[in-house]
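[1] Turn this into a model:
(chains A and B)
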Number of protein chains: 2
Amino acid sequence: MSYSNLQAHFTRISHLRHIESFVRWDETVMMPPAAAAARARAEATSTLCSVIHAMLTEPKLEKWLLASERRLAALNPWERANLRRMQRAWLKASSLPATLVEQASSAEMKCTHLWREARSNNDWNSFHPALESVIAIKRKIADTLAKTLNCDPYDALLDAYEPGMRSQQLDTLFAPLRPLLPDLIRQAHNRRPSPWAPIGPFTEKAQQKLIERLLRTVGFDIQRGRLDVSHHPSCGGVPDDVRITTRYNRADFTRALMGALHEAGHAKYEQHLPAGWRNQPVGLACSLGIHESQSLLQEMHICRSKPFLRFIAPMIRKAFPGHASRQPDAFNDKNICNLYRQVEPGPIRIYADEMTYPCHILLRYDMEKALITGHLKVSEIPERWEADTQRLLGLSNKGDFRNGCMQDPHWAGGAFGYFPVYLLGAIYAAQFFASASRENPHILEQIGNGQFAPLDAWLEERIWSKGSLYDSESLLRHATGRKPSIEDYVTHLHSRYLS
Amino acid sequence: MSYSNLQAHFTRISHLRHIESFVRWDETVMMPPAAAAARARAEATSTLCSVIHAMLTEPKLEKWLLASERRLAALNPWERANLRRMQRAWLKASSLPATLVEQASSAEMKCTHLWREARSNNDWNSFHPALESVIAIKRKIADTLAKTLNCDPYDALLDAYEPGMRSQQLDTLFAPLRPLLPDLIRQAHNRRPSPWAPIGPFTEKAQQKLIERLLRTVGFDIQRGRLDVSHHPSCGGVPDDVRITTRYNRADFTRALMGALHEAGHAKYEQHLPAGWRNQPVGLACSLGIHESQSLLQEMHICRSKPFLRFIAPMIRKAFPGHASRQPDAFNDKNICNLYRQVEPGPIRIYADEMTYPCHILLRYDMEKALITGHLKVSEIPERWEADTQRLLGLSNKGDFRNGCMQDPHWAGGAFGYFPVYLLGAIYAAQFFASASRENPHILEQIGNGQFAPLDAWLEERIWSKGSLYDSESLLRHATGRKPSIEDYVTHLHSRYLS
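    Prediction:
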């Protein structure tokens, strides 16, 4: 009885989160700028969040949770996992005062709107005070949650994205990469191919049509989703209505294309979550690290593979027939493969290649830990950003805030503890794909023939259908038989860029 | 203290209604069809409505309302009007059980989705049971509210759209039109001009560009709004983010154009509501009748006037330069005026001209009263529709459900009591415009020169800035010095179509 009350209650919470996800999508994709400036939406969203928070902290919840815990034997493994997620959600929410949650949401919305404006003007000074407010509130939240979860403040934030993960584990996992990467990057950069860059312009319409075809090809169900445009590629919505965004560059179609395929990895995971557990915590994606592993598996292991690129090369030529016939060297199979094999350190994370990407993450991960512990002030970010960019990527980017410390929306939106999941996702993706390939050595060959079903079946069985039955580490062990390790990841980097 | 608690509480309710309006816009404009079929959104919206309902019925509200009533002398007129609206909202909500509200919202969402599908297939049979469910729940709601408001069940529903209005008043107001209209229509039809129909195709893009220019011209602030496409033209959102929709017909640009200008009338009202009363009941639009009066004043009295049409004719020719030069007779000033002067009975309400439109409303108004009292069964709608269409419009439309009793979204969405506000709006619009013209006889001349500011200033002072300070009848008296009457309306019809 108590457990079914909990299920009913969490269904209602899930409904409001469903609404929240579309309000946020609308804010990013649809809302006119002057409406954003009027702040009415920010206030409304903040109220919605506070209503959700209030529902997570209703006194009857504690009673139901305790009663369900006493009758644990009556629950099946899915229900038990569901109960664990509910307990966790309740524990975190009840340790945070409602006013603090509302303050955070409001400050984050405000800062995000400011970021959009200030970023396009390369205007660090007007952005910086809003970011300070966000971090001040975030540190209070981190301190409060840390006491509840009995962990470090930064880990309390990380836990929101990667439940159960601690920065000490991440540090251990990431440690061998720090000395390894600069050397790998140097070697790979020296051996990189020299492709012909296709010369545009490529109309948005033609790019969009091509991308929609490719999304259907890789199994994104566009009848249960959309493709739109936003500043930053993203994937939002709910399993039956997944909203992908990308952004088009008329001079270069390759980025929007691969960006959308990356988001398709997220989207397919959402669309294949267990339908029987909709609206329950256990029916949600396991963690953001696992989520990112699905987008990176899609992008790096499927879509940047030679068999896949050779498979879609005719579609690309068909999408831009004039360009392709005038620039045969740029549009042949080999050149298209080479376009997606570049290793070239650059300042922008979302444009980074697979090899340099982890450096962008390590830079942000170190810095956000220091911002939360208070060892780094907001005013010191630009200087630290420049120093770390020089050290990790061998680049100088001074004064270019827009392509430097203001390039990402994460911190403005209060998403501290998010960045490391990108690297975790890359490591998980390599481990999943290596495991699937060991069990079925023909996977890449099948992909080259447009057969995605065998790999999708493996992913569905081992990952997608499991929802949040396990935490990410257990999911990895169940799916691959091994604990998290960078071994397959490093092997993949070697074999793709150095052999 | 109690009153300020009420203000804070109603601000939060307004925030959730703000969210609701965008969720509904998304549902109409953005949501993919398979997502609608999955019902997740319908359930989520239904939960949001139930949360709003719960906030309207919290026990502390009654206490605060009573305490504020006792200290009425401390409140200024705006605060008193605000309190009246709050009392009304609380009274209505607390008389309805939450489960009934949730059932209604869920049945309406379901029926609306079904309507979209079934309508395009002309499929009355699969739609009809869903409409029955909606009406069954609606009748329960009407009965309950009728006891609370001490009025007839139908009037209890009407009150949601036109607070304080009763069907007896409407019947009295509308009565002289019933014998008058058929004769007026016959005369006007015989005297109608015979314009050249411009021959398309007119691309959606060119139509959209023209409409955006016209929207800016008439003072819709598109920085605080959007223009999109949906099945049914509409205006939603909130004052700082008003979302207009229209639909394009490649064979005929005139409908989308005038449809969007109609919605611009709604939008301007929203955008000019009193900014100091945002998120309070008294800051909202007075009633839907007044809302419709603003769209009809915009469409019928401004945008279909000869001075306006002559003013925009060069913009139309510029938007379709090839067509205009090949078809000079269709694109000259006089012909463009004549295109918007047609009187031609037809089956579809939203395509009806100004003269036949009231018949479409009288047909629906009579029928929905009978559906709510139980004198008409859902299964009898098609036959009654056919009979009334023959009687009022002299047309037969048998078996064409799509352009007959399934043409409107209102009943599927549970909006019973809505239709009469269209006619009420037409009557109010004529009365407002006649009054403004008496005070400033140069209004039409100014409009012909693109000067909208003088009329807008009158509307802002008398109507827009008043929010819900008065009910619609008092607003009319304050603005025009007269009680509601069809006199100016009939004069307008005569002078436009019969002189």
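
[2] switch to C-alpha atoms for all contacts and neighbour counts from now on
    Fine.

[3] Dihedrals phi and psi, A:V242?
    phi -90, psi 120 (degrees, to the nearest 10).

[4] what about the helix of greatest length in chain A, near chain B?
    Secondary structure of chain A per DSSP state H: the longest helix is helix A:2-29. Yes. Counting by C-alpha under 8 Å from any C-alpha of the partner chain, chain B has neighbours in helix A:2-29: A:12, A:14-16, A:18-19, A:22-23.

[5] Just the C-alphas of the helix or strand just after that helix, formatted as CSV.
    For helix A:2-29, the following helix or strand on the C-terminal side (DSSP states H and E) is helix A:33-37. Coordinates of each C-alpha in helix A:33-37 appear next as CSV, following Å, rounded to 0.1, in the frame of the first residue of the first chain:
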residue,chain,number,x,y,z
PRO,A,33,14.8,37.2,-26.7
ALA,A,34,12.7,40.1,-25.4
ALA,A,35,10.4,37.6,-23.6
ALA,A,36,13.5,36.1,-22.0
ALA,A,37,14.5,39.5,-20.8
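
[6] Which positions within helix A:33-37 qualify as buried?
    Using 16 or more other C-alpha atoms under 10 Å in any protein chain shown as the test for burial, helix A:33-37 gives A:33, A:35-36.

[7] If we only consider the residues you listed, which is nearest to B:E386?
    B:E386 lies nearest to A:A35 out of those, by C-alpha to C-alpha, at 45.5 Å.

[8] what's near enough to touch the closest one?
    Contacts for A:A35 were tallied using C-alpha atoms under 8 Å, 6 or more residues apart in numbering or on different chains; they are A:41, B:223-225, B:240-241.

[9] And for A:E204?
    A:248-250.

[10] Let's see that with 7 Å instead.
    Residues in contact with A:E204 (C-alpha atoms under 7 Å, 6 or more residues apart in numbering or on different chains) are A:248, A:250.

[11] can you give me the helices for the stretch 51-200 of chain A?
    Under the criterion DSSP state H, counting those that start in this stretch, the stretch 51-200 of chain A contains helices at A:59-70, A:77-95, A:98-120, A:124-149, A:153-161, A:167-174, A:177-191.

[12] can you check the stretch 251-400 of chain A too?
    Going by DSSP H, counting those that start in this stretch, the stretch 251-400 of chain A shows helices at A:253-271, A:288-296, A:306-319, A:321-326, A:328-331, A:333-339, A:357-373, A:381-393.

[13] closest to chain B out of those?
    Nearest to chain B, of all the helices of the stretch 251-400 of chain A, is helix A:253-271, at 11.0 Å by C-alpha to the nearest C-alpha.

[14] Of all the residues in the closest one, which ones are buried?
    Result for helix A:253-271 [16+ other C-alpha under 10 Å]: buried residues A:253-271.

[15] quick one: that helix near chain B?
    No. Using C-alpha under 7 Å from any C-alpha of the partner chain, helix A:253-271 stays clear of chain B, coming no nearer than 11.0 Å.

[16] Now do that helix: distance to the chain's middle.
    How far helix A:253-271 lies from its chain's middle: 11 Å, per C-alpha atoms, centre = their mean, to the nearest Å.

[17] got it, and stretch A:438-446?
    The mean C-alpha position of stretch A:438-446 is separated from the chain mean by 26 Å, C-alpha atoms, centre = their mean.

[18] Show residues contacting that stretch.
    Here stretch A:438-446 makes contact (C-alpha under 7 Å, 6+ apart) with A:307, A:437, A:452, A:455.

[19] could I get it in PDB with only the CA atoms?
    Extracted in PDB, the C-alpha atoms of stretch A:438-446 (Å, rounded to 0.1, in the frame of the first residue of the first chain):
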ATOM      1  CA  ARG A 438      34.000  -9.200 -28.800                       C
ATOM      2  CA  GLU A 439      30.700 -11.000 -28.700                       C
ATOM      3  CA  ASN A 440      29.800 -10.100 -32.300                       C
ATOM      4  CA  PRO A 441      33.000  -9.500 -34.400                       C
ATOM      5  CA  HIS A 442      30.800  -8.600 -37.500                       C
ATOM      6  CA  ILE A 443      29.300  -5.400 -35.900                       C
ATOM      7  CA  LEU A 444      31.300  -2.900 -38.000                       C
ATOM      8  CA  GLU A 445      30.800  -4.900 -41.200                       C
ATOM      9  CA  GLN A 446      27.000  -4.900 -40.500                       C
END
